[in-house]
Each structure stands twice: as structure tokens, then as C-alpha cells.
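Colleague: I need the structure of the sequence given here:
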Amino acid sequence: MEEFLKGNYSILTKLFILVTVVSGLISFKKYKGTPVTFFIKILIYLFIIELVGCYPLFYSTFKFLEPIYNSVFRQNYWWYTIAFDLIAIVLFSILFQKIICNKLYVMILKYSTYAFVSFSILYIIFHHDIFFIQFFPVIQITGAIIILSCSIFYFIELLLSDHILHFYKSVYFYIAISIFIWWIVITPLTFYDVYIVGSDWNYIILKWQIYLSLNFMMYTTFTIGLLVSKPEDLIKLESQK
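Modeller: Now for the predicted structure:
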């Protein structure tokens, strides 16, 4: 298992996302004019993050990467901090601001996201000395709070509406439950990343197993949701019959 993960972890992660992206592109026309199209664009963005983020794997293959190898950009911590821990959180927040109808919830998400971005930028500036050598648990945890808030606000609104009778037909439910589970499980790992030495392969393999399991769960749920769900307008029409 250890050798399998060492050789295939990156490939499997990209494969999970790629399958979901393809499913999104196939169903793009079905959801045209709804916030789901924005979600599909987020999936494409996540796939690009993974493609770009694997550049350290190719130092020995491509000579043109040698300047990066000899620079502060040698490791990809900086890339994932900006592209995933910061920008991806903002994109999911914008998505749920489009989905949620309650104006108070939308306002809370909007201004908490502004605060998150401002705090993250300032934190990176004041801790720029470690920006290129590790992740920032504080940013990851505050980002998780934004994501969990998105899901919780959606669940509350769902429970208080007639849509609860047809929740399994809405792709938004699949999105909300997936990101809720992913972030609530992954976030505690950030506390250990700071203290565990990078050469501790027992921890690294365990973390990869957790990430792979959760990635499989999340992207499979996204895929199922995109393929089996119906646009909200169709759900409303069916409920009125």
C-alpha cells in the first residue's frame, strides 16, 4: 500500500477530479442559467490547481524547471495556500451566496468572506518568511469555518422549506453535504502538519489514505449529484403537480 500511494497518490487525486469535471461538462447544458454552471467552473479550477501544483514532481524530467527548483518556489506550499486555501474558499462562498435565498445568511457569508480574505492577506504578509515552506493552519481553519457556514446555512434553509421533500433531486444538497464532510474531517489534520516532520512516512501515508478516501467520497458525490439531479425550476414544477 505504501509503495502504491507513493507512486499513484497524485494521479488518483487528479483522476477523481477529472471524472467529476467531465460529468459537469456533460451536464452543463442541463443546468444552463443556474448557479450549477458556476460550480462546474469551480471544478475545472480545482483540476487546474492540481495540475499546476504537481510541478515539483517534474524537476528531474524537465530542465526548464531548474530555475524554479533553485528559487523560493521550489515547494508548492505557496501555490496551494493561494489557489486552494484562499481562492477556492472564496469561490465556494460566492457559489452559496448564489444558492441561498435568505438575505441575512447571504450577508453573513459575504462579509465574513471579506474578513477572511483581508485576514489571510495580512497574515501572509506578516508571516512571509514561512510562506514558501509550510501551510498556514490559521488560514485553513478560518477557511473551513467559511465552508461549514455555507453548508449549515444551506441545510437550515433547506429544512425550513418545501425543498426538503425533494432534497435528493437537488445538486446543491450533494455539494453541501460533500464539502461539509470533507472540511470537517480534513481540518483537524492541519494541527498535526506543523509538528510532524516531513520524513515521517507513517504519518504521510496515513494522511494520504485519509485524503484519498475523502476525495473519492466528495468527487463521487459531486458526480452523482450532477448526473441524477434536476435544475431547481424543474423540481419546483414537479412539486406543484
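Colleague: what residue is smack in the middle of this protein?
Modeller: The geometric centre of the chain, computed from its C-alpha atoms, lies nearest to residue 88 (Cα atoms, centre = their mean), at 6.0 Å.
Colleague: tell me who's in contact with that residue.
Modeller: Residues near residue 88 by Cβ atoms under 8 Å, 6 or more residues apart in numbering: 42, 45-46, 49. To be clear about C-beta, it is placed using only N, CA and C from the backbone, and glycine gets the same treatment.
Colleague: need those in JSON lines with distance to residue 23, can you?
Modeller: As requested, the contacts of residue 88 are exported to JSON lines (distance: Cβ to Cβ, whole Å):
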{"residue": "42", "distance to residue 23": "14"}
{"residue": "45", "distance to residue 23": "16"}
{"residue": "46", "distance to residue 23": "13"}
{"residue": "49", "distance to residue 23": "18"}
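Colleague: how many residues are close by residue 108?
Modeller: In terms of burial, residue 108 registers 15 neighbours under the definition other Cβ atoms under 10 Å.
Colleague: quick one: contacts for it?
Modeller: The contact partners of residue 108, by Cβ under 8 Å, 6+ apart, come to 149, 153.
Colleague: before we move on, the earlier item: quick check on the residue nearest to the centre of the chain: phi, psi?
Modeller: When read as degrees, to the nearest 10, the backbone of residue 88 gives phi -60, psi -40.
Colleague: please tell me how far it sits from residue 200.
Modeller: Distance, residue 88 to residue 200, using Cβ to Cβ, to the nearest Å: 27 Å.
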